[in-house]
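In: Here's my sequence, what's the structure:
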Amino acid sequence: MKIKFAGLTAAALLAASLSTPASAAFITGSLSFSDGLDTLSNVVSDLTFFDIGAPTNASGGTGAFLGLSGLTTTSDIDTNAPAGVIYSIGGFSFTLTGINNIVTSPIACSNGLCDDAQTFQIVGTVSAAGFDDSAFIGKFSATGSCLGAGVGICEAGSESGSWSSSVVATGKPSETPVPATLALLGLGLAGLGWVRRSKA
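Out: Model prediction:
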């Protein structure tokens, strides 16, 4: 009985050590991005793929992003398949994992000028050397304008669009499984197997 207890105690201590993060700190802070849209079709409210111009302007950094500004690498965003690194600046990479709460404002025209808009929430993971991978949340907003060629229709070639995005690193872990969590799960399953075998 003592041997079994000692084994369970050692397993518990090992599990506790595996579940403790080994690196320095999670990332906190906020940062904003903005630029134009390269490819438009009757402006932005119906878009599911945002062809983002590069390079993009970053500004307003706080926390871990304090002092970051200027041109940065940016990738296109597909609302039907949100994935991949969308922003990279100063050693930080923002990987998109989800898009929520899409809101569209259809084309409205007045005096021959039309505009529309689309906004949505973005979520994902921000990573950098010396930090733990951290969750980020943010808002992406796109606006479009054109010359009206009819009700809700743009004059071909008159479309223009821009976008802005503000992201906040929450200082909390991202929701993707980490090796320590998987190791802890494996240890638990192995322990259950050992107990069942010892009872047989």
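
In: give me the number of residues near Met170?
Out: Rather than Met, residue 170 is Thr. By other Cβ atoms under 10 Å, 16 other residues sit near Thr170. Every C-beta, even on glycine, is put in place using the N, C-alpha and C of the backbone.

In: Give the helix, strand or coil label for it.
Out: Look at Thr170: counting by DSSP: H, G, I helix; E, B strand; the rest coil, its state is strand.

In: Just the strands from this structure, written as ranges.
Out: Using DSSP state E, the strands found in the chain span residues 28-36, 49-50, 56-59, 70-74, 77-78, 84-89, 92-110, 113-127, 134-150, 153-154, 160-173.

In: Of all those strands, which one is nearest Val43?
Out: Val43 sits nearest to strand 134-150 of all the strands of the chain, at 3.1 Å, using Cβ to Cβ.

In: What's the local residue count around Gly60?
Out: When counting by other Cβ under 10 Å, one arrives at 14 neighbours for Gly60.

In: returning to what we had before: now tabulate the strands of the chain in a markdown table and tack on distance to Val43 and mean pLDDT.
Out: Formatted as a markdown table, the strands of the chain follow (distance: least, Cβ to Cβ, whole Å; pLDDT from 0 to 100):
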| stretch | distance to Val43 | mean pLDDT |
| --- | --- | --- |
| strand 28-36 | 13 | 94 |
| strand 49-50 | 12 | 92 |
| strand 56-59 | 20 | 92 |
| strand 70-74 | 20 | 89 |
| strand 77-78 | 16 | 94 |
| strand 84-89 | 22 | 94 |
| strand 92-110 | 6 | 95 |
| strand 113-127 | 5 | 96 |
| strand 134-150 | 3 | 93 |
| strand 153-154 | 6 | 88 |
| strand 160-173 | 6 | 95 |
